[in-house]
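**Student:** Kindly return the folded structure for what I paste below:
(chains A and B)
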Amino acid sequence: MATQHSRSAARFMMAPAVFLLLVWMLVPLSMTLWFSFRRFLPLRGGDQGFVWFENYTRFISSSAFWPSVQTTLIIVGGILLISVVFGILLALLLDQPMWGQGVVRILVIAPFFVMPTVSALVWKNMFMDPTNGLFAHLWRAFGADPVVWLSDAPLFSIILIVSWQWLPFATLILLTAIQSLDSEQLEAAEMDGAGHLSRFGYIILPHMSRAITIVILIQTIFLLSIFAEIFVTTGGAFGSRTLTYLIYQRVLESQNVGLGSAGGVYAIILANIVALFLMRIVGKNLDA
Amino acid sequence: MGRITLDKVRKAFGDVEVIPPLDLTIEDGEFVVFVGPSGCGKSTLLRLIAGLEDVSGGQIRIDGEDATMVPPAKRGLAMVFQSYALYPHMSVRRNIAFPMKMAGLPQDEQDRRIEAAAKALNLTDYLDRRPGQLSGGQRQRVAIGRAIVREPAAFLFDEPLSNLDAALRHGMRLEISELHKRLDTTMIYVTHDQIEAMTMADKIVVLQGGVIEQVGSPMELYRAPRNIFVAGFIGSPKMNLLTGEEAAKRGAHTVGIRPEHVSISTTEGTWKGTVGVAEHLGSDTFLHVHREGAVDPMTVRVDGEFSAKHGDTVWLTAQEDQIHKFDAEGLRIA
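**Tutor:** So this is what the prediction gives:
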């Protein structure tokens, strides 16, 4: 009696939060779906009725579509690679007992607190600027010609900027994973004759595998939608147009809400495919 | 061969000296147990021998050769940890194979040793399982298997049974003793449980505060404890320690009487007292008797069939030749 009563009370009290979440999610989703089936050009005649799947075929047959998917995958893959590899190395380094550990750890987290737009601006103007940037000075100090980062290596530049932002996240999660390793296991391996590299390969890395998959999963979800870094640095030029950026251009630069919405639906599908794969990997890892 | 000599070995963490200079010789093939209360430095001493901690001074010799600066893997010792320290992502087979793989042994030799160890430890059916799918006792055996295949000069056990329940602990105690008899290899075993020490050891090393209180065979320690600490630590239930008048009468500061050396009677005896708590074990009963004029109850071992109720009046008599006498410093008076 009492439990049934309190359960219905709990449902009643949870209702506003659930309702808010549903509205928050469902309204934009259904609006996207609605617009994706309509011809909607705000500056050229407004809403002109249903065209059903025309937007979808037009979006996918555009010459910009497949390159943008490729760019998205390259950027996401590159950032994942850099943040996981360097995240592991940094985590190993920070795990060592050293003087001023607390301060160093806070400094390592710092980039995560910088807003994407700000960090992209800082990188663009202070590091990558071909005349006044720090890199340009460095290159000149060695007598080399400064690299025009954002037009010569736009993808690498963006990967570098976003990796810098996400490295702290990866480092922190991997650091906690390393710290949770039972030190007796390492000592046992040491007694068993495993050197530093073997201990890393056979004990530490397998122990971290779950944390690594979690880092990959979470980062992928966020990285599929990076926008500010591209907007601020290249503006989508030089082949740095991701799927997210393409959708933005369709809606705001071409003023075609219907076409952009169709792209949005494609992005949802792509994200779900990636999520499905990752969930399976994580699920497998959690079983073990 | 596995003769281990500690020569003035000292260990300090910062300014805190946990082990003052200490000498100890462990003969080849001996089963030595380090026993003492928690924090007495017994695990630290084992880790110094293993090489997992660096000594702050002194020398460790294994088979006569200086091993003080030799890395752990090169000392030819195998260790079984309290948490077993199995590699959770490897199967039992790969766990056992790991030290041989690191040593670069040929595959057929590895397989041969794994089979032999698995057979000896009853693990043949579990070789393809993960440690997570095994019970505590099986994990313990895998850890021992991983140590055996290395064919070490000596085995080091760090409280290996403390995570097991009482029944399993008894079984594993026998298995480890059996293993020692079969392999005839030096074993050093750390425990805080004096029963494990008494039942398994050839030689017991009693430690307190990093200092060796006494070294000897289990019966030597039982018969002639060198001081009050050893007297109270070895033997179960604990020895009754009396001070004051009773001790002075026998020319000592403290006298110790083991519960099994006190006889009980309902009619006559040296001390009169009332029965307090009775602990029935079946074969024996431990009675806590409150003597007249004494604060602490005296523990007495009686036959399991002896019937005494709470509050009964009884008389106790100690066997005078079994009374241990200690002076004011707590040292034994011969």
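**Student:** Contact residues of chain A facing chain B?
**Tutor:** For chain A, the contact set with chain B under Cβ under 8 Å from any Cβ of the partner chain comprises A:182, A:184-185, A:187-194, A:198, A:202-203, A:206-207, A:209, A:288. No exception for glycine: its C-beta is placed from N, CA and C like everyone else's.
**Student:** hmm, 7 Å instead?
**Tutor:** A:182, A:184-185, A:187-188, A:190-194, A:198, A:203, A:206, A:288 (Cβ under 7 Å from any Cβ of the partner chain).
**Student:** Include secondary structure, pLDDT and neighbour count when you put the residues you listed into a markdown table, please.
**Tutor:** Output for the residues of chain A next to chain B, formatted as a markdown table (DSSP: H, G, I helix; E, B strand; the rest coil; pLDDT from 0 to 100; neighbours: other Cβ atoms under 10 Å in any protein chain shown):
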| residue | secondary structure | pLDDT | neighbour count |
| --- | --- | --- | --- |
| A:182 | coil | 86 | 16 |
| A:184 | helix | 88 | 17 |
| A:185 | helix | 89 | 20 |
| A:187 | helix | 89 | 20 |
| A:188 | helix | 89 | 28 |
| A:190 | helix | 88 | 22 |
| A:191 | helix | 87 | 28 |
| A:192 | coil | 85 | 28 |
| A:193 | coil | 84 | 19 |
| A:194 | coil | 83 | 21 |
| A:198 | helix | 88 | 16 |
| A:203 | helix | 89 | 25 |
| A:206 | helix | 89 | 14 |
| A:288 | coil | 49 | 11 |
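**Student:** backbone phi and psi for the closest residue to chain B within the stretch 1-150 of chain A, please?
**Tutor:** Relative to chain B, the nearest point of the stretch 1-150 of chain A is residue A:97 (13.3 Å; Cβ to the nearest Cβ). Dihedral angles of residue A:97 (phi, psi; degrees, to the nearest 10) stand at phi -70, psi 130.
**Student:** ok, now how distant is it from residue A:179?
**Tutor:** 12 Å (Cβ to Cβ, to the nearest Å).
**Student:** can you list the residues of the stretch 151-300 of chain B near chain A?
**Tutor:** So the stretch 151-300 of chain B never meets chain A (Cβ under 7 Å from any Cβ).
**Student:** so where do the strands sit in the stretch 151-300 of chain B?
**Tutor:** With strands called from DSSP state E, counting those that start in this stretch, the stretch 151-300 of chain B shows them at B:154-158, B:186-191, B:203-208, B:211-216, B:240-243, B:254-257, B:262-265, B:271-280, B:284-291, B:298-303.
**Student:** which parts of the helix or strand harbouring residue B:19 are buried?
**Tutor:** Following DSSP states H and E, one finds residue B:19 within strand B:16-26. If you call a residue buried by 16 or more other Cβ atoms under 10 Å in any protein chain shown, then strand B:16-26 has these buried ones: B:17, B:18, B:19, B:20, B:21, B:22, B:24, B:26.
**Student:** tell me, what residue is most central in chain A?
**Tutor:** Closest to where the C-alpha atoms of chain A average out (Cα atoms, centre = their mean) is residue A:223, at 1.8 Å.
**Student:** so who does that residue touch?
**Tutor:** Counting by Cβ atoms under 7 Å, 6 or more residues apart in numbering or on different chains, residue A:223 touches A:76, A:79, A:162.
**Student:** hmm, back to that, want to throw the buried residues of strand B:16-26 into a markdown table with distance to residue B:161?
**Tutor:** Converted to a markdown table, these look like this (distance: Cβ to Cβ, whole Å):
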| residue | distance to residue B:161 |
| --- | --- |
| B:17 | 30 |
| B:18 | 24 |
| B:19 | 24 |
| B:20 | 29 |
| B:21 | 31 |
| B:22 | 25 |
| B:24 | 23 |
| B:26 | 21 |
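**Student:** Include mean neighbour count when you put the strands of the stretch 151-300 of chain B into a markdown table, please.
**Tutor:** Below are the strands of the stretch 151-300 of chain B laid out as a markdown table (neighbours: other Cβ atoms under 10 Å in any protein chain shown):
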| stretch | mean neighbour count |
| --- | --- |
| strand B:154-158 | 25 |
| strand B:186-191 | 26 |
| strand B:203-208 | 24 |
| strand B:211-216 | 18 |
| strand B:240-243 | 19 |
| strand B:254-257 | 22 |
| strand B:262-265 | 17 |
| strand B:271-280 | 16 |
| strand B:284-291 | 20 |
| strand B:298-303 | 20 |
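**Student:** Can you add mean pLDDT and give the ones you listed back as JSON lines?
**Tutor:** Output for the strands of the stretch 151-300 of chain B, formatted as JSON lines (pLDDT from 0 to 100):
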{"stretch": "strand B:154-158", "mean pLDDT": "91"}
{"stretch": "strand B:186-191", "mean pLDDT": "92"}
{"stretch": "strand B:203-208", "mean pLDDT": "92"}
{"stretch": "strand B:211-216", "mean pLDDT": "90"}
{"stretch": "strand B:240-243", "mean pLDDT": "88"}
{"stretch": "strand B:254-257", "mean pLDDT": "90"}
{"stretch": "strand B:262-265", "mean pLDDT": "88"}
{"stretch": "strand B:271-280", "mean pLDDT": "89"}
{"stretch": "strand B:284-291", "mean pLDDT": "90"}
{"stretch": "strand B:298-303", "mean pLDDT": "90"}
